[in-house]
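Trainee: fold the following for me, if possible:
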Amino acid sequence: MAATLFWICRDFRIRDNPSLCAAANEGPVLPVFVIDRALMAQGAASRWRLARALKAFDAELRYRLGQGVLVLRGEPEEVLPALAARQAARTIHASDWPCPAMRQAQDRLSSRLDGVALHLHPGHLLIHPAALRSTTGGTYRVYSAFARSLRNIGPDRPCPAPTLLTLASDRPAGEDVQTLDLAPDLYSGEAVLERHALPAGETAAWQALGDFIDRLAGYQAGRDRIDRHATSCLSEALALGEISPRSIWAAIQQSHAHSGDAQKFLSELIWREFAWHLLISFPAMAQRPWREEWAAFPWRNRDPAFEAWRQARTGIPLVDAGLREMRVTGRMHNRARMVCASYLTKHLLIDWRQGLAHFADSLTDWDPAANAMNWQWVAGCGPDAAPFFRIFNPLTQAKRFDPEARYQRRWLLGHLGSDSDAARDYFDTLPSDWIVPQCYDAKEAAEDLASGRRAALAAYEGMRV
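Mentor: Residues are numbered from 1 along each chain as shown. From the prediction side, this is the model:
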């Protein structure tokens with residue numbers, strides 16, 4: 001019997017997977033994942049995390065159905081038509097992961113298919129962008145109006161897991177999934193990431209959601225406390241599609257529908273959604289400022305201060321702690337991300353695109369829409385952005401959100417007497433050409449921060465003249 005191809009993009013799950021369900025309804029399914037140039041151009045940390053998602057999904061399919069994922073190397077427009085012809089497949093079902101590189105790959109594939117239909121299914125977002133338009137028929141540019149509209153309409157409902165799923169047994173040889181290495185350029189950093197990794201896979205994602213629901217009370221007040229375990233820990237699973245935003249929304253609504261904590265968390269899901277709707281309408285969001293007037297802003301580029309920031313040796317404790325957490329774990333608390341980004345773009349006046357690229361290379365929960373929009377938001381050049389004069393003081397932020405310096409001591413060896421293993425792990429990840437002192441020495445930063453703020457405001461006023 002001919003197989004239907006299920007092209008896996010960012011949907012490593014069985015529940016609420018419309019593309020898998022549609023493929024299953026047509027008969028035997030051949031799940032295929034393609035390692036292409038666009039994937040290998042991603043940051044090393046996100047490729048490493050994707051490999052873990054792929055291995056977990058492959059293991060789950062093998063456990064349930066005796067067959068796993070076929071992994072092939074090449075460009076989708078070359079690999080998939082040839083595979084469809086070999087399998088006598090008439091249809092390719094895929095999740096519509098709407099990042100610019102994937103959209104381009106989908107278009108190239110469609111142009112090369114002859115007698116084979118490519119069907120793209122929702123599932124990465126809460127609601128299809130065409131169903132959520134402003135009064136002028138375009139994409140919302142202001143979050144508050146976007147959020148009200150989405151809540152009024154409501155997200156799409158999750159679809160059930162396929163009732164009958166069989167995998168095609170006749171298949172070509174592919175890569176060995178369980179020994180696959182998608183991030184050989186991590187070098188020694190891989191062993192450190194392994195030590196700090198969260199569990200991967202759909203089952204682990206649902207367990208993390210259940211754990212978060214159990215401790216949801218207090219989320220609104222505690223989510224910005226960098227020293228507490230108050231956030232959902234679902235960002236990696238969402239980025240890889242190990243769980244869908246629709247499933248998360250439904251579970252939160254079912255358990256805590258009317259609590260302020262639940263509604264605050266749902267507003268964060270909507271913020272993620274807002275980023276994706278904007279990226280779809282403005283695919284260049286990672287390369288160009290949303291606000292055209294910001295093209296003239298005098299950002300600094302290739303500056304030694306950027307290297308100090310990237311290597312987490314600025315002497316500003318909260319900034320360096322956040323950047324070291326990211327290098328060791330692939331993750332960073334959202335409050336720390338905002339402080340690190342604000343310091344780079346406003347106190348140092350360094351181009352936000354340099355920070356965006358460093359985060360894209362370092363984050364295991366890398367999300368192209370959220371990364372681009374959030375960097376532009378902090379820098380002041382994005383849609384519905386924070387006013388440029390909103391400049392975080394990292395010392396004040398530390399006192400407010402890490403009052404006992406627990407977070408800073410965890411990541412900065414020798415700071416305030418710290419001797420943490422996590423802080424030591426940072427040094428196991430460093431390239432040989434990075435010269436970072438072992439014992440952390442915080443500098444007297446108050447005057448530097450004040451002068452950086454004055455320079456930023458002067459540059460902003462100069463742009464507006």
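Trainee: separation between the nearest residue to residue 368 once chain neighbours are set aside and residue 216?
Mentor: In space, and not counting its chain neighbours, residue 368 is closest to residue 99: 4.7 Å by CB to CB, 6 or more residues apart in numbering. The way it works is simple: take the backbone N, C-alpha and C, and place the C-beta from them, glycine included. Applying CB to CB, to the nearest Å, the value for residue 99 to residue 216 is 30 Å.
Trainee: thinking again about what came up before, check the burial of the residue nearest to residue 368 by counting its neighbours.
Mentor: Neighbourhood size, residue 99 [other CB atoms under 10 Å]: 21.
Trainee: residue 243 now?
Mentor: 25.
Trainee: and for residue 285?
Mentor: Neighbours of residue 285 (other CB under 10 Å): 24.
Trainee: wait, what's in contact with it?
Mentor: 278, 279, 369, 372, 373, 376, 382 (CB atoms under 8 Å, 6 or more residues apart in numbering).
Trainee: for residue 206, state which of those residues is nearest.
Mentor: Using CB to CB, residue 369 is the member of these that lies nearest residue 206, at 23.6 Å.
Trainee: I'd assumed residue 281 was in contact with that closest one.
Mentor: No: assessed by CB atoms under 8 Å, residue 369 is found out of contact with residue 281, at 11.0 Å.
Trainee: with neighbour numbers in mind, choose between those two.
Mentor: Per other CB under 10 Å, whichever of residue 369 and residue 281 has more neighbours is residue 369, with 23 against 14.
Trainee: next one: the more buried one from residue 12, what distance?
Mentor: Residue 369 is 18 Å from residue 12, by CB to CB.
Trainee: and if you look at residue 273?
Mentor: With distances taken as CB to CB, residue 273 is found 20 Å from residue 12.
Trainee: the more surrounded of those two?
Mentor: Ranked by neighbour count (other CB under 10 Å), residue 273 and residue 12 place residue 12 first, with 29 against 24.
Trainee: hang on, the more buried one packs against residue 242?
Mentor: Yes: contact criterion CB under 8 Å: residue 12 and residue 242 qualify, at 5.2 Å.
Trainee: give the residues shared as contacts by the two.
Mentor: Looking at what touches both residue 12 and residue 242 (by CB under 8 Å, 6+ apart), the common residues are 53, 56, 57, 201, 202.
Trainee: so which of these comes closest to residue 159?
Mentor: residue 202 (14.6 Å).
Trainee: can you tell me the element the residue nearest to residue 401 when sequence neighbours are not counted falls in?
Mentor: In space, and not counting its chain neighbours, residue 401 is closest to residue 226: 4.9 Å by CB to CB, 6+ apart. Using DSSP states H and E, residue 226 sits within no helix or strand.
Trainee: how much space separates residue 226 from residue 337?
Mentor: For residue 226, the distance to residue 337 - CB to CB - is 10 Å.
Trainee: okay, the two: which has more neighbours?
Mentor: residue 226 (26 against 22).
Trainee: CA atoms only: put the helix or strand harbouring residue 80 into CSV for me.
Mentor: With elements taken from DSSP H and E, the one containing residue 80 is helix 76-87. Below are the C-alpha coordinates for helix 76-87, written out as CSV (Å, rounded to 0.1, in the frame of the first residue of the first chain):
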residue,chain,number,x,y,z
PRO,A,76,13.3,19.3,0.9
GLU,A,77,12.6,20.1,-2.7
GLU,A,78,15.1,17.4,-3.7
VAL,A,79,14.6,14.8,-1.0
LEU,A,80,10.8,14.7,-0.6
PRO,A,81,9.7,14.4,-4.3
ALA,A,82,12.1,11.5,-4.7
LEU,A,83,10.8,9.9,-1.5
ALA,A,84,7.2,10.4,-2.6
ALA,A,85,7.9,8.8,-6.0
ARG,A,86,9.6,5.8,-4.3
GLN,A,87,6.6,5.3,-1.9
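Trainee: which helices and strands does that helix pack with?
Mentor: strand 4-7, strand 29-35, strand 70-73, helix 100-112 (3 or more CB pairs under 8 Å, 6 or more residues apart in numbering; DSSP states H and E).
Trainee: how far does stretch 27-43 sit from its chain's centre?
Mentor: Remark: stretch 27-43 is offset 18 Å from the chain centroid, using CA atoms, centre = their mean, to the nearest Å.
Trainee: and it, how far apart are its ends?
Mentor: For stretch 27-43, the first-to-last residue distance is 36 Å (CA to CA, to the nearest Å).
Trainee: quick one: contacts for the residue nearest to residue 401?
Mentor: 318, 333, 335, 336, 401, 402, 407.
Trainee: same thing with residue 53?
Mentor: Residues in contact with residue 53, defined by CB under 8 Å, 6+ apart, are 12, 200, 201, 240, 241, 242.
Trainee: now it: how far from residue 303?
Mentor: 36 Å.
Trainee: go on, residue 451?
Mentor: 16 Å.
Trainee: pLDDT at the residue nearest to residue 200 when sequence neighbours are not counted, what is it?
Mentor: In this structure, residue 200 finds its nearest non-sequential neighbour in residue 52, 3.9 Å apart by CB to CB, 6+ apart. You'll see residue 52 listed with a pLDDT of 98.
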